[in-house]
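>>> Sequence and predicted model, in that order:
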Amino acid sequence: MRQLRAWLALPLFLLLIWLALNNSLALEQIILGGILSLLLAWLVMPLRPLRSWPKRPLIAIRLIIHVITDVIHSSFVVARFVCLGPSSHSPGFLHIPLVMTDPHAMAALSCIITYTPGTVWAGHCPETNVLTLHILDLKGEEEHWLNIVQNRYQKPLMEIFE
């Protein structure tokens, strides 16, 4: 039952997108969208050999709220730097040791970091599991950024995926 539910999540999501894009709940659109979404989900199955399903959805919701607030806050900070000019900030690289190893969690972390204005995922060493992060305004706040990545993002991602 769990496998069926996991397999039907993608076709259902694709069907909802199909109906939204067509702005219609007509029976023909539901049937056509259902057939296309099932066919597409079946065709892409071999492209994803490693499967994962989030284990703690409430933690995922809390993480999404944290990310949204961080993106909004960072947008204002970056806008301030743009208005004040290049001398108002000091960019730098920070090396952050990670504990998580799940590829889905790593992908989610890379998206979170890349979506947040002022930060860029600059690299990851798989042997040492160290993330290199470029931060627009580092200015002695290494501990702050270590705390954000390791506690605010990594811990919930490990609870969700590992």
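Nice, thanks for sending it over. Source: prediction; values computed, not measured.

>>> Look up how far Phe161 lies from the residue nearest the centre of the chain.
A centroid search over the chain (Cα atoms, centre = their mean) returns Ala108, at 3.4 Å, as the residue closest to the centre. Separation of Ala108 from Phe161 (Cβ to Cβ, to the nearest Å) stands at 7 Å. In short, each C-beta sits where N, CA and C put it, glycine included.

>>> Determine the three-state secondary structure at the closest residue in space to Val44 that isn't next to it in sequence.
Excluding its sequence neighbours, the residue lying closest to Val44 (Cβ to Cβ, 6 or more residues apart in numbering) is Leu10, at 7.8 Å. Put simply, Leu10 is helix when judged by DSSP: H, G, I helix; E, B strand; the rest coil.

>>> which element is Leu43 on?
Assigned by DSSP states H and E, Leu43 belongs to helix 27-44.

>>> oh sorry, the question was meant for Glu143
Using DSSP H and E, the element containing Glu143 is helix 142-147.

>>> likewise Leu94?
Assessed by DSSP H and E, Leu94 sits inside strand 92-97.

>>> Next: Val78.
Under the criterion DSSP H and E, the helix or strand holding Val78 is helix 57-84.

>>> His144 and Leu94, how far apart?
Distance from His144 to Leu94, by Cβ to Cβ: 10 Å.

>>> got it, and Leu36?
Leu36 is 45 Å from Leu94, by Cβ to Cβ.

>>> packing partners for the lowest-mean-pLDDT helix or strand in the chain?
Lowest by mean pLDDT, DSSP states H and E among the helices and strands of the chain is helix 2-22, with a mean of 82. Counting by 3 or more Cβ pairs under 8 Å, 6 or more residues apart in numbering; DSSP states H and E, the packing neighbours recorded for helix 2-22 are helix 27-44.

>>> and the angle from the helix it packs on to helix 2-22?
Calculated by axes from the mean of the first three to the mean of the last three Cα atoms, to 10 degrees, helix 27-44 forms an angle of 130 degrees with helix 2-22.

>>> which other residues reach helix 27-44?
Applying Cβ atoms under 8 Å, 6 or more residues apart in numbering, the contact partners of helix 27-44 are 7, 10-15, 18-19, 22.

>>> Right, I'll call it a day here.
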